[in-house]
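Asks: Prediction below, plus the sequence it came from.
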Amino acid sequence: ATSITINEPAGSEVISGTYQLNSTITDINENTSSYIYRFDSSSYISLYSCGTNWCANINTSLYSDGTHTIYVNATDLSENSNEKNVSITVDNTPPSVNITHPENSSVVSGQETFNATISDSNPNTNAYLYEIMKSSCGISWANLNGSGTDWYTIINTTNLTSSCGDGNYTFSVNATDMGDNYNDSESIIVNVDNTAPHVTITSPSDLDWVNQNISLDATIYDQAGNGNVSTYKYNDTSGWHLFEGSGTSWYKTINTSISYSPDGDYYVCAIANDTQNYQGIDCITLKTDNTKPNISNILFPQNNSNL
């Protein structure tokens, strides 16, 4: 009788797309025109020669996802027939992926947990990956941790700041199942912020002598773009006060005879927080002198002298 071995697919294999059925058929009275296959209860279709074996290209998209049976049948010239079958699973549906934490456009700092829900009827958990990138800098395609449908990774964002700087990063998840279907379309943007705003008092300079009205000027810049302008302040003898300005340019006109009185040395600071409560600070010493010289007596010549 004809001998039939189905080489591919193996029993219980998950197949997708266009799949090549491969079988070995031998008989001393072979009748190659009778080498046929069918998918479930559909009509038989002829196999074609592929080297020393017999093959067929199966378009699995014509069939529903789930369990199916492939049959290979051969009859020799003596009308002896044989048939073998293999049970397989068709899967043309990619995994479902949902990034659940953090939310899109979130600001993150320090150690942050990223969570995703991934579900598939034929999961391949070794192929659940993530990356977090700013341009071409960051972490590229590493394995997620977890089980079932709950997956996560813990990222120390301070390492990202050290390597790539603060700013917007794209966090992406790529999940592939046992049928090689993949979902790589799920991503969010997170703003990494581990750095305090940069604060520089630009005028006056440290140890400058000042009197009357001056403009205290400062440049304030937050790399991640998360500056909290309600915290952009300077100090005088009565406490902390808001700067005026916008963008990176901030100032305040100050009457030193009021704000820094009596005359002397004053430690003046500008501070700024970002939305993560990182604080930047810059300080200078101002020397105030709002007192006119005291002339108590003209010693020579005397008043009403003849010269």
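Replies: Received the coordinates, thanks. Residues are numbered from 1 along each chain as shown.
Asks: ok, the closest residue to residue 256 other than its chain neighbours - contacts?
Replies: Spatially, and ignoring its direct neighbours in sequence, residue 256 is nearest to residue 288 (4.9 Å; Cβ to Cβ, 6 or more residues apart in numbering). Where C-beta positions appear, they are placed from N, C-alpha and C, glycine not excepted. By Cβ atoms under 8 Å, 6 or more residues apart in numbering, the contact set of residue 288 is 209, 210, 211, 256, 257, 260, 261, 263, 264, 265, 266.
Asks: What pLDDT does the model give residue 288?
Replies: Per-residue pLDDT puts residue 288 at 96.
Asks: before we move on, what about the one 4 residues further on?
Replies: With respect to pLDDT, residue 292 scores 88.
Asks: so can I have JSON lines of the contacts of residue 288 showing neighbour count?
Replies: Listed next are the contacts of residue 288 as JSON lines, based on neighbours: other Cβ atoms under 10 Å:
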{"residue": "209", "neighbour count": "9"}
{"residue": "210", "neighbour count": "18"}
{"residue": "211", "neighbour count": "15"}
{"residue": "256", "neighbour count": "21"}
{"residue": "257", "neighbour count": "16"}
{"residue": "260", "neighbour count": "22"}
{"residue": "261", "neighbour count": "15"}
{"residue": "263", "neighbour count": "14"}
{"residue": "264", "neighbour count": "10"}
{"residue": "265", "neighbour count": "11"}
{"residue": "266", "neighbour count": "18"}
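Asks: any idea which of those residues is the one closest to residue 126?
Replies: Lowest distance from residue 126 to the contacts of residue 288 (Cβ to Cβ) belongs to residue 266, with 64.5 Å.
Asks: Please point out which parts of the helix ranked longest in the chain sit buried.
Replies: Longest helix in the chain, counting residues (DSSP state H): helix 157-164. Within helix 157-164, the residues that count as buried by 16 or more other Cβ atoms under 10 Å are 157, 160, 161, 164.
Asks: what bridges to the residue nearest to residue 256?
Replies: In this entry, residue 288 is beta-bridged to residue 210, residue 264, by DSSP bridges.
Asks: circling back to that earlier point, kindly format the C-alpha coordinates of the longest helix of the chain as CSV.
Replies: The C-alpha trace of helix 157-164 is given here as CSV (Å, rounded to 0.1, in the frame of the first residue of the first chain):
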residue,chain,number,x,y,z
THR,A,157,13.7,56.8,33.7
THR,A,158,16.8,58.5,35.3
ASN,A,159,18.9,56.2,33.1
LEU,A,160,17.0,57.5,30.1
THR,A,161,17.7,61.1,31.2
SER,A,162,21.4,60.3,31.7
SER,A,163,21.7,58.7,28.2
CYS,A,164,19.2,60.7,26.1
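Asks: Report all helices and strands that it contacts.
Replies: strand 123-134, strand 137-143, strand 182-192 (3 or more Cβ pairs under 8 Å, 6 or more residues apart in numbering; DSSP states H and E).
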